[in-house]
Each structure stands twice: as C-alpha cells, then as structure tokens.
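Novice: pasting a predicted model and its sequence here:
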Amino acid sequence: MSSAERRHAPRPTVREDIPKEFDRNSYETPPWLFKALNKQYDFQFDLAASPQNTLCGYKFWAEETDSLKQDWHKMNGYLWVNPPYKPLRPWIEKMQQEAALGAKIVSIVPSSTLNNAYFLNQVPN
C-alpha cells in the first residue's frame, strides 16, 4: 500500500468484539503487576478473590465470606487486595482500619479515584 493509499484508507473504528460496558467489579489484576509486587512482598492471602481468580493459591476470601467483616490484622505477612470498585469506599475504610491495627496491606485501586476528593482525604501522604 502506497503512502497515498494509507492516507485515504478507512480508519479503524471501535472494535465491536469489546463489550461497551465492563464489569469493573470483576477486573482481575494484571499478572505482570501481581508477579512484580509478589516478588517484593510475598503475599500470604488474597482478601477479595474467587476460586477462578485468586492469586494466592488456596489462601483467599471469596465474596460469600465477606472480607469486610473479617479481622485482617490477625493475619501474618503481607495481604493482597484488588477490591470491587463499586462501592470502593468501604474497602478504603477497611484498609485504613486494619492497617491502623497492624495489618500489612497492598492494594490496587482504579486511577480515576485519584480525582475523588473522598479518596484524597483518606489516603495518607
């Protein structure tokens, strides 16, 4: 294809095979990210997972266990959580409470939250 043909070729449109709405509550952690973080922290437990997406083997709490009602600070080692994004507030509050009690938590949250005044007021500098 010549450069003139490329200039006049139709531009790609939105891919039709990608759903218009994503279920953000079930986004999985990118494997490359978890691998890098796990190398540093050696996670002992996945606080919000399912049998299909847990990253810590058999050590996880599924939705029916309700991680928000558990005592994270009584667990040893670093804890991993990729929480459901809606609602995110209870997870942020729980992470703060448990960290204040001694839990070691590493989490991934949506970057769009950084524009949220609530989030900015909750996360320590």
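Specialist: Looks like it arrived, so ask away.
Novice: show me where this protein has helices.
Specialist: Applying DSSP state H to the chain gives helices spanning 3-8, 31-41, 89-100, 117-122.
Novice: comparing those by mean pLDDT, which bottoms out?
Specialist: Of all those, mean pLDDT reaches its minimum on helix 3-8 (a mean of 50).
Novice: excluding chain neighbours, what is closest to residue 33?
Specialist: residue 108 (7.1 Å; Cβ to Cβ, 6 or more residues apart in numbering). Where C-beta positions appear, they are placed from N, C-alpha and C, glycine not excepted.
Novice: list the contacts for that neighbour?
Specialist: 29, 33, 81, 82 (Cβ atoms under 8 Å, 6 or more residues apart in numbering).
Novice: among those residues, which pair sits farthest apart?
Specialist: 33 and 81 (13.4 Å; Cβ to Cβ).
Novice: ok, these two, which is more surrounded?
Specialist: residue 81 (23 against 11; other Cβ atoms under 10 Å).
Novice: what's the neighbour count on the nearest residue to that one once chain neighbours are set aside?
Specialist: Nearest non-adjacent residue to residue 81, counting by Cβ to Cβ, 6+ apart: residue 47, 4.0 Å away. Using other Cβ under 10 Å, the number of residues around residue 47 comes to 27.
Novice: repeat for the one 5 residues further on
Specialist: By the measure other Cβ under 10 Å, the count of residues near residue 52 is 8.
Novice: what is the burial count for residue 104?
Specialist: 16.
Novice: and the residue nearest to it when sequence neighbours are not counted, how far from residue 34?
Specialist: Leaving aside its chain neighbours, residue 104 sits nearest to residue 78 (4.7 Å; criterion: Cβ to Cβ, 6+ apart). Distance, residue 78 to residue 34, by Cβ to Cβ, to the nearest Å: 12 Å.
Novice: my guess is the residue nearest to residue 81 contacts residue 68. True?
Specialist: No. Using Cβ atoms under 8 Å, residue 47 is not in contact with residue 68, being 9.2 Å away.
Novice: by mean pLDDT, flag the weakest helix or strand of the chain.
Specialist: helix 3-8 (a mean of 50; mean pLDDT, DSSP states H and E).
Novice: list the residues that contact residue 95.
Specialist: Neighbours of residue 95 in contact, by Cβ under 8 Å, 6+ apart: 81, 103, 105, 107.
Novice: thanks again, I'm all set now.
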